[in-house]
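Chemist: Generate coordinates for the sequence data below:
(2 chains)
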2 protein chains.
Amino acid sequence: MEHELRIATIGTSAICERFLDAVAKTEGVCLAGCYSRALDRAKDFAQKHGAELAFDDLAELASSPDVDAVYIASPNALHGPQAKQLIASGKHVLVEKAFASNAAEAVEVFAAAKAAGLIAMEAMRNLYDPGFAKIEQNLDRLGTIRQATFRFSKITSRMARLLAGERVSQFDPLLSEGALMDIGIYTMEPAIAIFGQPKRVLAAGICMSVPGEPLDSAYGKIDLAGEVLLDYGDKVVNLSYGKVTDDLIPSQIQGETATLTIGALPNCSQLKLVTHVDAGMAYGTVGGAEEELPVVIPENDMVYELSFFRDAVAGKAEALKRVHQFQQVTCDALTTMDEARRQLGVRFPADK
Amino acid sequence: MEHELRIATIGTSAICERFLDAVAKTEGVCLAGCYSRALDRAKDFAQKHGAELAFDDLAELASSPDVDAVYIASPNALHGPQAKQLIASGKHVLVEKAFASNAAEAVEVFAAAKAAGLIAMEAMRNLYDPGFAKIEQNLDRLGTIRQATFRFSKITSRMARLLAGERVSQFDPLLSEGALMDIGIYTMEPAIAIFGQPKRVLAAGICMSVPGEPLDSAYGKIDLAGEVLLDYGDKVVNLSYGKVTDDLIPSQIQGETATLTIGALPNCSQLKLVTHVDAGMAYGTVGGAEEELPVVIPENDMVYELSFFRDAVAGKAEALKRVHQFQQVTCDALTTMDEARRQLGVRFPADK
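Modeler: So this is what the prediction gives:
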């Protein structure tokens, strides 16, 4: 690619602001334009971030010759349809998590991108963070892995509105949102990336009725938090996630030889490996020799996923390999999330 | 009671040694005698610990006028039958966890004790530890509780024998053993004591074939580790336990207002309460104001369960109230464990 990768954005939320901060910090990419449903908002956002173009018409963005790729940070329900429309017009797409409403939709988007020779990639930041590669590199040291827990729960700043009975976008099934899609995915994708598809999924969750949704609606239920077991036969992985409590303990992968703790799963940092030492009879867990696995992580770790996207678009083999690997993870994770939602009774209009 | 409570022991293992250390440190109790299947072993053990009597005949122990109560630390499968025999002869019983092979057997033992005006109590040390009461006292500060994880896994010192294909008592279904019964119970009973019976149980585990057990045996499978979800509808509790990996992260109870972490679940110590502070938009879990909840725990915390047992036998109201509360916990926990074992396919001869 001779020029910088010219990226346009869909969305004007905090995550989009953060993405543009990453764009500013990353070589070889630049902001070309901004889309919002309201043109004034698109113009304000574009001006604020130094972009030339503003759009309120997705078809116009899709056909713009001044845009190579689009970062999609709209509500989840729009990810798949918008990605397909943009791919059809020759744009690469970097799509915020969750990549699509369900696995079937994700498969369609990836197939369309592949057929068009374009990159479609989920902006799943903790997979592209260097700490994830560090975890992968150390798995062999754990011995046979038997148990793991991947954890991310934090009280949403929208809690007060939620408890007051307000309909909140982040908990709206019509937008393919809810705790599993929004925060559970940070626990699901690393698990699937490391261990693959489980043989069996067991899910239990805290759900609420969706304010304003009719009693007979198929979309009357949304999840606030959940616990999932991924059963692999020879190991079991627990996912714990939610938006109504704070989880303050590390994630953990437990092998027969050593245990790896992950202090901060959202950016795969604070890694510690503890090798078992046989202390004979003991009344608690003794552990063993501790080793920090250093990971340097910048304040805004979205620079990593953006760099992989840029390099994959440029056809660099290493980035393409990783992106293809994680495309499969996206699909497999959504397959597992589809099953978890089925068990929880959380349905989206996009579900067949 | 005019004299000290004269206790005899069944078992000569490390846990029995530890119990006798607690007897030596506790007022109002003394060691009267020791039982083992081999008289020489019983005599050696009695002599070592300064007891007058040694038994290799349970009927003889049961009818001894010099024994008021018996601490039963035999394999789990013998707990119920031995307790019933001793109760029938007028002895109080303090029974190591697991109290019985299953809920039905536990109910029978408690009913027999009640009818005879005797105390039957499970030596579930982390319920009687002062840290458990401290947890109970602070639950109201957490707001609505939504999630919790109760954790205890440690690599057994018998791992090498197990991996070599040896039949190990602690993993023998004919003895009603296995990971859930032996170590999972440390996670199950606090959960049941705090939250009661769940509406639904979901269990997944790591199981192995029992060495030497015929292929068509109903008792050919035993669990090495497991993950259980207790679904209460408005909250979900995860239990994580096992004997083939080391778990190095705290247990945790997560409420909408605050989160309580329990650094050491086996003796309910290292308690920390963190009250949520709204930090607005955040990319990780922020937490909030930390408060240590001090718990002083002696090296041998079996003194607590022993003191409750002594006081309950003496008819002291406060101890009786707690013992009755935890008798129900024993039964409810075993009911849930029965269901978990059913899902895991781990059966005991004592199961109907």
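Chemist: now do the same end-to-end measure for stretch A:112-120.
Modeler: Its start and end residues considered, stretch A:112-120 measures 9 Å (Cα to Cα, to the nearest Å).
Chemist: Touching the least confident helix or strand in chain A by mean pLDDT from outside, list them.
Modeler: The weakest-scoring helix or strand in chain A, judged by mean pLDDT, DSSP states H and E, is helix A:159-163 (a mean of 83). The contact list for helix A:159-163 (Cβ atoms under 8 Å, 6 or more residues apart in numbering or on different chains) reads A:156, A:168, A:171, A:208, A:224, A:243-244, B:256, B:278. In this view, the C-beta of every residue, glycine as well, is placed from N, C-alpha and C.
Chemist: Pipe those into a markdown table and attach pLDDT, distance to residue A:85 and neighbour count per row.
Modeler: Listed next are the contacts of helix A:159-163 as a markdown table, based on pLDDT from 0 to 100; distance: Cβ to Cβ, whole Å; neighbours: other Cβ atoms under 10 Å in any protein chain shown:
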| residue | pLDDT | distance to residue A:85 | neighbour count |
| --- | --- | --- | --- |
| A:156 | 91 | 30 | 21 |
| A:168 | 95 | 27 | 19 |
| A:171 | 96 | 26 | 24 |
| A:208 | 95 | 33 | 17 |
| A:224 | 97 | 32 | 21 |
| A:243 | 96 | 30 | 26 |
| A:244 | 95 | 35 | 23 |
| B:256 | 95 | 40 | 19 |
| B:278 | 81 | 38 | 12 |
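Chemist: Restricted to strands, list these.
Modeler: A:208, A:224 (DSSP state E).
Chemist: Closest one to residue B:50 out of the contacts of helix A:159-163, please.
Modeler: Nearest to residue B:50 among the contacts of helix A:159-163 is residue B:256, at 54.0 Å by Cβ to Cβ.
Chemist: I'd like to know how far that closest one sits from residue A:94.
Modeler: Look at residue B:256 and residue A:94: by Cβ to Cβ, to the nearest Å, they are 34 Å apart.
Chemist: how many neighbours does the residue in the stretch 51-200 of chain A that chain B sits nearest to have?
Modeler: Among all residues of the stretch 51-200 of chain A, residue A:154 sits closest to chain B, at 4.1 Å; criterion: Cβ to the nearest Cβ. Counted with other Cβ atoms under 10 Å in any protein chain shown, the neighbours of residue A:154 add up to 23.
Chemist: List the contacts of it.
Modeler: Neighbour list for residue A:154: A:183, A:243, A:246-247, B:282, B:284-286 [criterion: Cβ under 8 Å, 6+ apart].
Chemist: try 7 Å
Modeler: Residues near residue A:154 by Cβ atoms under 7 Å, 6 or more residues apart in numbering or on different chains: A:243, A:246, B:282, B:285-286.
Chemist: Looking at the residues you listed, spot the one nearest residue B:66.
Modeler: Distance ranking of the contacts of residue A:154 against residue B:66, using Cβ to Cβ, places residue A:246 first at 56.1 Å.
Chemist: distance of that closest one from chain B?
Modeler: Going from residue A:246 to chain B by Cβ to the nearest Cβ, to the nearest Å gives 5 Å.
Chemist: May I have the secondary structure class of that residue?
Modeler: Recorded secondary structure, residue A:246: coil (DSSP: H, G, I helix; E, B strand; the rest coil).
Chemist: The lengthiest helix in chain A packs against which elements?
Modeler: Secondary structure assigned by DSSP state H gives helix A:317-344 as the longest helix of chain A. With contacts taken as 3 or more Cβ pairs under 7 Å, 6 or more residues apart in numbering or on different chains; DSSP states H and E, helix A:317-344 sits against helix A:103-116, strand A:120-123, helix A:185-195, strand A:200-209, strand A:221-231, helix A:302-313.
Chemist: Pull up the pairing partners for the second one, direction included.
Modeler: I take that to be strand A:120-123. If you go by DSSP bridges, strand A:120-123 pairs up with strand A:92-96 (parallel).
Chemist: what does the partner strand contact?
Modeler: Here strand A:92-96 makes contact (Cβ under 7 Å, 6+ apart) with A:15, A:68-73, A:79, A:83, A:86-87, A:118-123, A:309, A:313.
Chemist: Identify each buried residue in stretch A:163-181, please.
Modeler: Across stretch A:163-181, burial judged by 16 or more other Cβ atoms under 10 Å in any protein chain shown covers A:168, A:170-181.
Chemist: Quick check: end-to-end length of that stretch?
Modeler: 20 Å.
Chemist: quick revisit: turn the contacts of helix A:159-163 into TSV, including distance to residue A:317.
Modeler: Listed next are the contacts of helix A:159-163 as TSV, based on distance: Cβ to Cβ, whole Å:
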residue	distance to residue A:317
A:156	40
A:168	43
A:171	41
A:208	47
A:224	42
A:243	39
A:244	44
B:256	48
B:278	46
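Chemist: how close does residue A:82 sit to residue A:6?
Modeler: Taken as Cβ to Cβ, the span from residue A:82 to residue A:6 is 18 Å.
Chemist: can you check residue A:229 too?
Modeler: Noted for residue A:229: a distance of 44 Å to residue A:6, by Cβ to Cβ.
Chemist: swap in residue A:348?
Modeler: Residue A:348 sits 32 Å away from residue A:6, going by Cβ to Cβ.
Chemist: next one: residue A:227
Modeler: Taken as Cβ to Cβ, the span from residue A:227 to residue A:6 is 43 Å.
Chemist: who's more crowded, the two?
Modeler: Applying other Cβ under 10 Å to residue A:227 and residue A:6 shows that residue A:227 carries more neighbours, namely 30 against 20.
Chemist: Could you pull up the residues touching that one?
Modeler: A:204, A:238, A:240, B:147, B:229, B:236, B:238.
Chemist: now the angle from the longest helix of chain A to helix A:103-116?
Modeler: Relative orientation of helix A:317-344 and helix A:103-116, computed by axes from the mean of the first three to the mean of the last three Cα atoms, to 10 degrees: 160 degrees.
Chemist: ok, of the contacts of helix A:159-163, which one's closest to residue A:109?
Modeler: Out of the contacts of helix A:159-163, the member with the shortest distance to residue A:109 (by Cβ to Cβ) is residue A:171, at 24.3 Å.
Chemist: Residue in the stretch 251-352 of chain A with the shortest distance to chain B?
Modeler: residue A:254 (3.5 Å).
Chemist: That residue in helix, strand or coil?
Modeler: Assignment for residue A:254 (three-state DSSP): strand.
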